[in-house]
Every structure is written in C-alpha cells, then in structure tokens.
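>>> next input, structure requested:
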Amino acid sequence: MAEDGPKPPQLNMPLVLDHNLTRQMRLRVESLKQRGEKRQDGEKLLRPAESVYRLDFVQQQKLQFERWDVVLDKPGKVTITGTSQNWTPDLTNLMTRQLLDPAAIFWHKEDSDTMDWNEADALEFGERLSDLAKIRKVMYFLIAFSEGLEPANLKASVVFNQL
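Numbering: from 1, shown residues only. Below is the predicted model of the structure:
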C-alpha cells in the first residue's frame, strides 16, 4: 500500500526529573510540618510518591503531538499531570488550580507484557502540549508513582511531528 507522502520528521522530547525543584517542594512540606502550620488555601503540596519533571521545548513552533513514549521497567502505575504555568517554589507555591486536566495515566500489570493507558485523556493532554509549546520554553509535570514504582523505573518522553 502506497503512503500519502513523506512523513514529517519527529522530535522526541524527554521528561526529565528535576531534582532541585522536587527537593525544594519537599522542603516546603517539611517546613510546614516542623512549624505546625497548614498549607496555604489551594496550595498543592508534593506527596512522598510524587516528583517534579520538566520538558524543555528545544523547538517551540510547528509541533504536532504524535504520541507518548512511556516505559516502566517493572509493574506499577504512573500519573502524569501538567502544570499551567512556570513556578519557582522559593517565590510562589504551586496551587491546585494550576494543575491541568486531564492527566495521562500509564500502568503495567504483573501478568502482562504490554503497557496500558487512559488513551483518550492521554491523547487530549498530549495535543494540549503542542499548543503550550508555542508559548513556553519549559513545562513542568507532577508525576505520581504507585504500586511500588519510583523515578528510577520510568523513562518517558513526548514525540512530536515537526511541521
């Protein structure tokens, strides 16, 4: 079967664990606990099984979402949630209203060789990334690990077509 023409070149952009930002957000949680204070109204505190990742848009214009490329090296589940703006935790706290819906959820069951995912939501989220890339140089994500997973078990990237 003949193809409709050459496929556009693809750009694979990895989600990279941001150790400094994750540490800064964990320090915020510890600081509140030590002082016996509560979080700010609407503030999103980092849970123990969550880490902050970033995607650096090496190219911002003319990107079309193609697919998520997520590999879990053992059974478990990850939930990838985007944030609507850049933030610096030393100046401003992450607020729950800054978390984007829908989240992309990927899981690998013990008795399966394939990765499962919430396809419709993950695709919708991916398509939003193409729009966000036009106005951002970097995007941050909260990734929640469950069922025994941790950051070392995840390799994730977003693949875009370059138009």
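
>>> residue 70 is in contact with residue 153, correct?
No. Counting by CB atoms under 8 Å, residue 153 does not reach residue 70; the two are 11.0 Å apart. (Glycine included, C-beta is placed from N, CA and C.)

>>> got the contact list for residue 93?
Residues in contact with residue 93 (CB atoms under 8 Å, 6 or more residues apart in numbering) are 28, 39, 40, 43, 44, 87.

>>> quickly run through the sheet partners of the host helix or strand of residue 81, with directions.
Using DSSP states H and E, residue 81 falls within strand 76-82. Its sheet considered, strand 76-82 pairs with strand 104-108 (antiparallel), strand 138-146 (antiparallel) by DSSP bridges.

>>> what average pLDDT does that strand get?
Strand 76-82 shows a mean pLDDT of 96.

>>> where along this protein do the helices fall?
Under the criterion DSSP state H, the chain contains helices at 19-35, 119-133.

>>> need the winner for burial among the ones you listed.
For these, ranked by mean neighbour count under the definition mean count of other CB atoms under 10 Å, the leader is helix 119-133 at a mean of 16.
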